[in-house]
Every structure is written in structure tokens, then in C-alpha cells.
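**Q** Prediction below, plus the sequence it came from.
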Amino acid sequence: EAQAGSRPEEIAQARARLAQAQAQLAEAQAGSRPEEIAQARARLAQAQAQLTAARTANPEQIAQARSQIQAAQARVDLANERLRANQSLAQQGAISRDRLQEVISESRTAQANLEEAKRRLAQVQNGTSPGEIAQREAAVKEAQQAVNLLLSGTRREEIAQREAAVREAQQAVNLLLSGARREEIARREAAVREAQQAVNLLLSGTRREEIAQREAAVREAQQAVNLLLSGTRPEIIAQRQAAVREAQQALDQLQNGSRREDIAQAEATVAEARGRLQAIQVQIDDTIIRAPFDGIVTQKYANVGAFVTPTTSGSSSASATSTSIVAIARGLEVLARVPEINIGQIKINQPVEIVADAYPDQTFKGRVRLIAPEAVLEQNVTAFQVRASLDTGQETLRSGMNIDLTFLGQELPNALVVPTVSIVTQRGKQGVMVPGKDNKPEFRPVTIGPTIGDQTQILQGVNQGERVFIDMPKDSRPKPDENS
């Protein structure tokens, strides 16, 4: 192997590394190519165009923002009208302060939505968000620094470093081309002779211990001779000198510090990253839904992935069509629909009795807290929403339970009542039929009071203990023309 020298594939690899180092040196000496500069300038122009587009308002976005302002303004006007009407009702004692506070909160929410719509319009008119603009500006700076870096050419330290790499590769090729040194060939020949002598010695009958001892002595002596004769080869010295020069070039580059172009490019990269961070933070803030008041969320009208807008409203199914329990921020309350014919008998703080389907043997107490100032038309039936607070049953009742609600009127001790079916009307007057002569029915006008269930109060016209007809004999019934 020593006589054969270096293998052809090793020499080819060394020459390839030399050619690569020479190409890198030529590139560093030639500086930036015109096509590279042209590409960098094209990227700079593209970044500048994107920045200009980001600063320019989109007409479609402006029109959409203005339509949102108009819708928000309409909601504010409606909320203000309701607020004025409810303030008047509150002064008259027709509604509670809690209801007035709810209307005030609705008005404030509508005003806040209007201000938000105006802010979005101003943002659209002023261009893209500040975070995106900062990101575009950073991209322009980075592209500009890349152009400057190409125009400035290659530094002397880089050229010197590439020259050192070429010299090192050339010396590696020379080392392989020089083949094996004469000292190496002589050493290998001596090793062959020594091995042959060892064989001969064994064949002559010498003891193995002596043979091993003599062989070790010969090898030690031969190595000492070779070490003295060989010295250090010129190729190795040149290789070490090239390594020293390369290390010196790297040291000089570190001592000179970074170029201004490199520093500016790094600063532009940092600014672009900050702009992206600001844009992401704005997007995260837009995903947070904030309510203008405290409460408990009992229903939602959008699922994950659904598209919602500031004007999205809840489903109409949220309104109770029957008496039920609902949850509010301060606890539970009863939600009922009262027909308009009976709403005049309902008063604020009027006591109520509640019987839930889940607890039919228990009666809970409460009071009317709120009477809606506006009627609701459902299935051609006009009704008013009435809310009652719970005095008892807060720990037992649950939201969504169906109940029977009874509004309690004023207690009238010793009230005179008659069966409601006994009330008749003749010639436009209300009255009852009482026994007359020969127990024949006679009409007697009466003044009636409220009706509760199947009983009606009599304020004037009959006395306690008098009898009235509930179902008159057929021959004593009044003729149709006698009734009005």
C-alpha cells in the first residue's frame, strides 16, 4: 500500500474540494451578480407595494363598516326611545327599578356597539391595523437591507478566508499526489524482513520467550530510527500553516465585528417579528366576547365554527311560552305570560304562590317583581311577560322547571260570594235570580266584584243567607228577547 501511493478516488475527492474552494473564492472576489441584485430589488419593490396596499383603505370594507354604523345607530335610537318610555313609567310607579336598570343597560350596550362600529370604520379608513402595517414596514426594511448587502460586495476578511481554504485544499491534493515517502517504504520493508526473521527464528528452535523479546527490541529500535530519520514532512507543515492562517482570518473577522448591513438586516427581522406579534395579539383580542353586565349564561345560540356578527341575536325559542323558572345573576325567578285581559289585575309586589310539577305537595311563596311594559304577540295571543322573585324555594327549585303560578289578590274578610254561574244579564244589567212569590225566579240587579275561580264577589244587591238560582226550571227561564 505504501509503495502504491494514494488511491485514485482519494485524489479525485481532494481535487473536487479544491475546485469548490476555488469557485467560492472566485464568487467572493467577483462580488454580487447582477441577477442576484435584480432579484433582491424585485423583492424590495414587492414589499413596498404590499406596504402601500396596507396603508390604503378598501372601499368595500368602508361601505360595510358604514352599514354597520347605520344599523348600530338604529339600535341606539330604539334603545333610547325605550329608555325614555320606561323612565316615564318608573316615575309613575308602573315598573320596578330593576326593570329600569335593565333598560339602561340595554341602552348603554347599544351605545357601546355604536362606538365600536365607529372605531372599526376609522380603522378601515386609516388603512390596515397598526400591527400589520408594522409587519409590512419591517418586510420593506429587510428587503432593503438585502439589496444593500448585495451592493456592498464581499468584505476583505471573507476573501482572505476563502483564499486560505483554497490553499488548504491545494496542499491536500499535493499531499495525495506526492505518494508515500521513502522513509515509509523503508519502514514497511524492515517490518517485512523482521517478520521473516521471526519465522526463521521459530523454525530454528529458539524459545518463544526469547523470540518475543528479540522481536520487541528490534521493533523499538526500528521505530526510534524511523522517528529520527522521518522528521516532519513539508506537506504536513504547509497544511498546519494553512490551518493557522484560516484560524487567524476567523479571529480577525470576530475582532472586526459584524457589518452594518448585517446588523441592519437583523434589526429589520426583529421589527417584522414584532409586527406579526402585534397582529396576532389584535386577532386574539377580537376573539374575546365581553358582556356589559354580570350574569349566568344559561343558553348559547352559536356553536364552534359558526359565523356570527355583531347583529346576531338569540333564537325566539328562548322566550318562555309558559310559566317556568329562569336563572338570573341574583338567583332564580319565575317567568310567566299573562293575557292582556288579566294584566290589569297584576300589581308590583303582589304575592304569588308557586307549585312545581316536580314538587306537587309543596307551595312556594314569591312576589311580582316586574311587569313588561310591552306586549308580546305569539300565536295570535297578546300577553305580557311577568317576572316574580322567589321568597322561598331558592334551594329546591331549578332553572327550567314548569310550575303553576297563582296571583294572590287582597284578602277580604267576610266577603259575600255567589257561584259565578248564577250571574245573569237582563236589559244590560248584571244580577241574580232569587226566589219570589210562589218560589218563582225573580231578577235582582247586583254589583259584582272580582271573580276568583268559580266564585264571584257580590258588593251590593243580596244579603248573606239569601238563596239564588243556579239552574232555573225550564218554564221559568226568561225569553231570549228579555236578555241582552
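**A** Everything's here; your move.
**Q** Out of the helices and strands in the protein, which is least certain?
**A** strand 324-328 (a mean of 56; mean pLDDT, DSSP states H and E).
**Q** need the contact list for L405.
**A** With contact taken as C-beta atoms under 8 Å, 6 or more residues apart in numbering, L405 is in contact with 323, 334, 336, 352-354, 388. All C-beta spots, glycine's among them, are computed from the backbone N, C-alpha and C.
**Q** Now which of the residues you listed would you call buried?
**A** 323, 334, 336, 352, 354, 388 (16 or more other C-beta atoms under 10 Å).
**Q** If we only consider those, which is nearest to L100?
**A** Nearest to L100 out of the buried ones among the contacts of L405 is A388 (C-beta to C-beta; 17.7 Å).
**Q** What strands line up against the helix or strand hosting that closest one, and which way round?
**A** Here A388, judged by DSSP states H and E, is contained in strand 381-390. Strand pairing for strand 381-390, determined by DSSP bridges: strand 331-339 (antiparallel), strand 359-378 (antiparallel).
**Q** returning to what we had before: can you tell me which of the contacts of L405 is nearest E168?
**A** Nearest member of these to E168, counting by C-beta to C-beta, is V334, at 92.6 Å.
**Q** Not counting sequence-adjacent ones, nearest residue to the closest one?
**A** Leaving out its chain neighbours, the residue that sits closest to V334 by C-beta to C-beta, 6 or more residues apart in numbering is A388, at 4.1 Å.
**Q** R369 versus that neighbour, what's the distance?
**A** Distance of A388 to R369, computed by C-beta to C-beta, to the nearest Å: 6 Å.
**Q** tell me, what's touching these two both at once?
**A** In contact with both A388 and R369: E333, using C-beta under 8 Å, 6+ apart.
**Q** For the contacts of L405, give me CSV that also has pLDDT and distance to P8.
**A** Output for the contacts of L405, formatted as CSV (pLDDT from 0 to 100; distance: C-beta to C-beta, whole Å):
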residue, pLDDT, distance to P8
T323, 56, 101
V334, 90, 100
A336, 89, 102
V352, 93, 107
E353, 93, 109
I354, 93, 103
A388, 92, 103
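**Q** ranges for the strands of the stretch 351-484 of the chain?
**A** Applying DSSP state E, counting those that start in this stretch to the stretch 351-484 of the chain gives strands spanning 351-356, 359-378, 381-390, 403-407, 417-419, 424-426, 429-435, 441-445, 447-452, 455-460.
**Q** for the ones you listed, which one sits closest to A65?
**A** Set against A65 and scored by C-beta to C-beta, these come closest in strand 359-378, at 31.5 Å.
**Q** isn't Q68 right up against K118?
**A** No - between Q68 and K118 there is no contact under C-beta atoms under 8 Å: 9.3 Å.
**Q** Any buried residues in the helix or strand hosting V76, and which?
**A** Assigned by DSSP H and E, V76 belongs to helix 59-91. Residues of helix 59-91 classed as buried: 65, 68-69, 71-73, 75-76, 79, 82-83, 86, 89-90 (neighbour count, 16+ other C-beta under 10 Å).
**Q** Check those residues against Q196 and report the nearest one.
**A** Closest to Q196, out of all of the buried residues of helix 59-91 and judged by C-beta to C-beta, is A65, at 100.4 Å.
**Q** Let me see the contact set for the closest one.
**A** A65 touches 117, 120-121, 124-125, counting by C-beta under 8 Å, 6+ apart.
**Q** Per-residue pLDDT of the nearest residue to it once chain neighbours are set aside, please?
**A** Nearest non-adjacent residue to A65, counting by C-beta to C-beta, 6+ apart: L121, 3.9 Å away. L121 carries a pLDDT value of 82.
**Q** what do you get for A238?
**A** 66.
**Q** Okay, now the unreliable bits of the stretch 301-450 of the chain?
**A** Applying pLDDT under 70 to the stretch 301-450 of the chain flags the ranges 301, 307-330.
**Q** so how far is D262 from Q24?
**A** Taking C-beta to C-beta, one finds Q24 at 19 Å from D262.
**Q** again with G409
**A** From G409 to D262 the distance is 89 Å (C-beta to C-beta).
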